[in-house]
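[1] Turn this into a model:
(2 chains)
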Amino acid sequence: MALSTVLETPGAGFNFDNAARNAALEGLFEGGQTPKPLKTGTTIAGVVFKDGVVLGADTRATSSDVVADKMCAKIHYISPNIYCCGAGTAADTEKTTDILSSNLSIFSLNSGRNPRMVMAVNILQDMLYRYHGQIGANLILGGVDCTGNHLYTVGPYGSVNKVPYLAMGSGDLAALGILEDGFKHDLELEKAKELVRAAIHAGIMSDLGSGNNIDICVITKEGVDYIRPYKESEYKDDRKMKYKYRPGTTAVLTEKVVPLNLEVVQEMVQKMETV
Amino acid sequence: MKDYHYTGAVENRFSPYAFNGGTVLAVAGEDFAIVASDTRLSEGYSIHSRDSPKCYKLTDTTVIGCSGFHGDCLTLTKIIDARLKMYKHSNNKTMTSGAIAAMLSTILYSRRFFPYYVYNIIGGLDEEGKGAVYSFDPVGSYQRDTYKAGGSASAMLQPLLDNQIGFKNMEGVQHVPLTREKAVQLVKDVFISAAERDVYTGDALRICIITKEGIKEETIPLRKD
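    Predicted coordinates for the structure are as follows:
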């Protein structure tokens, strides 16, 4: 019986197969600039408290200077007891956490256990180091397992830090100021949530890359409370005038109707079982 | 992260310019002109000030909006003020909007090979009392417009103004002349929209309304995040 391996062991050494392809692609684009990946320009924070871990994030995704998404979800599900905040290139954080989540669920199904934090951290570190910083993912992992409440951070080059509180992203310095001032070991739940909210709020106000709403995720031994949004932005756009267009405002220059001649080839009715 | 290895001496050039963000907008009506700007001064992803308006009053009938590099904005407005005083003392009259625009064009072109990194828009009343807007590029090319947006969110604002004030891309719509109240409300709405999507625009909106009675200023809050 072949147990499907949790991770396919990749070929030895660094894999730079795509480097030559990328260099060739650059020549095809005008100005030699490949399309810019969407960066999240974020504030994310995490705090370990008495009964578990609180993770927080803002919800703005920027594409250089333009806000691309006002309500993007930066706290990703890894496993029932582990969640991950991601800063950096949006696609990288999405895919990396997806891959990690899939691998850990295979592990859970095989072993009948919830994965441990150290396993998640090791898999991430392996993958990011192997790509030598090309995957731009700055991640804060928080979770509760049988050994306790943990908060780790993994950088794009594969560096790992185990910390009681942390902030990452472009708004990290503003958030860290609040965390440094207010953090104490073994905080109560409400105080911890308020601390993380204040930290993200500082990032949102001081950093142009962060903004809009605040999401919070509380992980304890009992379960997970994913509050999205925890705090809605106090700035609602209230445009006074209505900008509606009557039908017919856009000029129709030409009209061409192509009828689709469909022929019934086969008809099959299948009843769905509904209990 | 393109280069995988160090390829020799690295030179980090000093850049004399910085981009401080900000958006400016000017609209000309039948007997009024509006110049509006946001008040956020930023650099990179940080905010220097939430209360740094970009409209500067030049005369009783002319306001200039400058966005781009704040250092050059300040110097340029000082130079324009000095030239206005000189003109007043030599010719015993205040410069008209058209004259200020022509003069600004020569001031900017005199620095053709080390430009003022400023996007200027002048709004005011011309000699007949009609609204006038003059828009510039950093080296002095200018033209008279009915409405113009400049600065970081200009690409977002200009199409909306083209549609709402210029009635472009619309069929069967009555071309109603723009009233002052509708123009002010449109400017407010347009900046609220820009603040939603442009990270460099926000904090507050300063509107200068120029009529033959004088210049009235209004400030309304925008998103601070």
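[2] For chain B, give me the ranges with low pLDDT.
    B:1-8 (pLDDT under 70).
[3] Now stretch B:177-185 - C-alpha only, CSV.
    What follows is stretch B:177-185 as a C-alpha-only set of coordinates in CSV (Å, rounded to 0.1, in the frame of the first residue of the first chain):
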residue,chain,number,x,y,z
PRO,B,177,-24.9,74.8,-18.1
LEU,B,178,-23.1,74.1,-14.8
THR,B,179,-24.4,76.0,-11.8
ARG,B,180,-22.1,76.9,-8.9
GLU,B,181,-23.9,74.6,-6.4
LYS,B,182,-23.8,71.6,-8.8
ALA,B,183,-20.2,72.2,-9.5
VAL,B,184,-19.2,72.3,-5.8
GLN,B,185,-21.2,69.2,-5.1
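[4] How about that stretch and chain A, any contact?
    Yes: with Cβ under 8 Å from any Cβ of the partner chain as the criterion, chain A is reached by stretch B:177-185 at B:Lys182, B:Gln185. C-beta coordinates here come from the backbone N, C-alpha and C atoms, glycine included.
[5] buried stuff in that stretch?
    For stretch B:177-185, the neighbour count (16 or more other Cβ atoms under 10 Å in any protein chain shown) marks B:Leu178, B:Arg180, B:Ala183, B:Val184 as buried.
[6] same thing with stretch A:152-171?
    Buried, per 16+ other Cβ under 10 Å, within stretch A:152-171: A:152-156, A:158, A:160, A:164-171.
[7] Which single one of those residues is nearest to chain B?
    Chain B lies nearest to A:Ser170 out of the buried residues of stretch A:152-171, by Cβ to the nearest Cβ, at 5.1 Å.
[8] can you count the residues close to residue 123?
    In the absence of a named chain, chain A is used. 21 (other Cβ atoms under 10 Å in any protein chain shown).
[9] my question was about chain B
    32.
[10] what about it, which SS state?
    Taken by DSSP: H, G, I helix; E, B strand; the rest coil, the conformation at B:Gly123 corresponds to strand.
[11] Quick check: it vs A:Ala120, distance?
    According to Cβ to Cβ, to the nearest Å, B:Gly123 and A:Ala120 sit 58 Å apart.
[12] One more: B:Gly214?
    Taking Cβ to Cβ, one finds B:Gly214 at 66 Å from A:Ala120.
[13] When these two are compared, which one has more neighbours?
    Neighbours per residue (other Cβ under 10 Å) separate B:Gly214 from A:Ala120, with A:Ala120 holding more: 28 against 9.
[14] Count residues in the vicinity of the closest residue to that one other than its chain neighbours, would you?
    Leaving aside its chain neighbours, A:Ala120 sits nearest to A:Ile82 (5.5 Å; criterion: Cβ to Cβ, 6 or more residues apart in numbering or on different chains). Look at A:Ile82: counted by other Cβ under 10 Å, it has 28 neighbours.
[15] Show me what the lengthiest helix in chain B packs onto, helices and strands only.
    If you go by DSSP state H, chain B has its longest helix at helix B:70-91. Secondary-structure packing of helix B:70-91 (3 or more Cβ pairs under 8 Å, 6 or more residues apart in numbering or on different chains; DSSP states H and E): strand B:55-59, strand B:62-68, helix B:97-109, strand B:118-125.
[16] I'd like those as TSV, with distance to chain A appended.
    Output for these, formatted as TSV (distance: least, Cβ to the nearest Cβ, whole Å):
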stretch	distance to chain A
strand B:55-59	22
strand B:62-68	14
helix B:97-109	25
strand B:118-125	15
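[17] Show me what from the stretch 101-250 of chain A comes close to chain B.
    A:133-134, A:136, A:170-171, A:204-212, A:233, A:235, A:237-241, A:243, A:245-246, A:248-250.
[18] mind running it again at 10 Å?
    Applying Cβ under 10 Å from any Cβ of the partner chain, we find that the stretch 101-250 of chain A lies next to chain B at A:132-134, A:136, A:156, A:170-171, A:173-174, A:201, A:203-213, A:233-243, A:245-246, A:248-250.
[19] Mind giving me the ChimeraX command for buried ones among those residues?
    Filtering these down to the buried ones (16+ other Cβ under 10 Å) takes a single ChimeraX command:
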select /A:134,136,156,170,171,174,201,203,204,205,206,207,208,209,210,211,212,213,233,235
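[20] Got phi/psi on residue 161?
    All of this is about chain A. A:Asn161 adopts backbone torsions of phi -140, psi 140, taken as degrees, to the nearest 10.
[21] And the residue of the stretch 51-200 of chain A that's closest to chain B?
    Closest point on the stretch 51-200 of chain A to chain B, by Cβ to the nearest Cβ, is A:Val67, at 4.7 Å.
[22] Leaving out chain neighbours, which residue sits closest to that residue?
    B:Arg197 (4.7 Å).
[23] OK, contacts around the one you found?
    Contacts for B:Arg197 (Cβ atoms under 10 Å, 6 or more residues apart in numbering or on different chains) come out as A:Thr62, A:Asp65, A:Val66, A:Val67, A:Ala68, A:Lys70, B:Ala153, B:Met156.
[24] top of these by neighbour count?
    B:Ala153 (30 neighbours).
[25] Make sure that residue is actually in contact with B:Pro159.
    No: if you go by Cβ atoms under 10 Å, B:Ala153 and B:Pro159 don't touch, sitting 11.4 Å apart.
[26] pretty sure B:Ser193 is touching B:Pro159, no?
    No: B:Ser193 lies out of contact with B:Pro159 (Cβ under 10 Å); the separation is 11.2 Å.
[27] neighbouring contacts of the helix or strand that contains B:Gln143?
    In this assignment (DSSP states H and E), B:Gln143 forms part of strand B:142-145. When contacts are defined by Cβ under 10 Å, 6+ apart, strand B:142-145 is touched by residues B:26-28, B:97-98, B:101-102, B:104-105, B:108, B:120-123, B:126, B:132-137, B:161, B:166.
[28] Give me the buried positions along it.
    Buried, per 16+ other Cβ under 10 Å, within strand B:142-145: B:Tyr142, B:Asp145.
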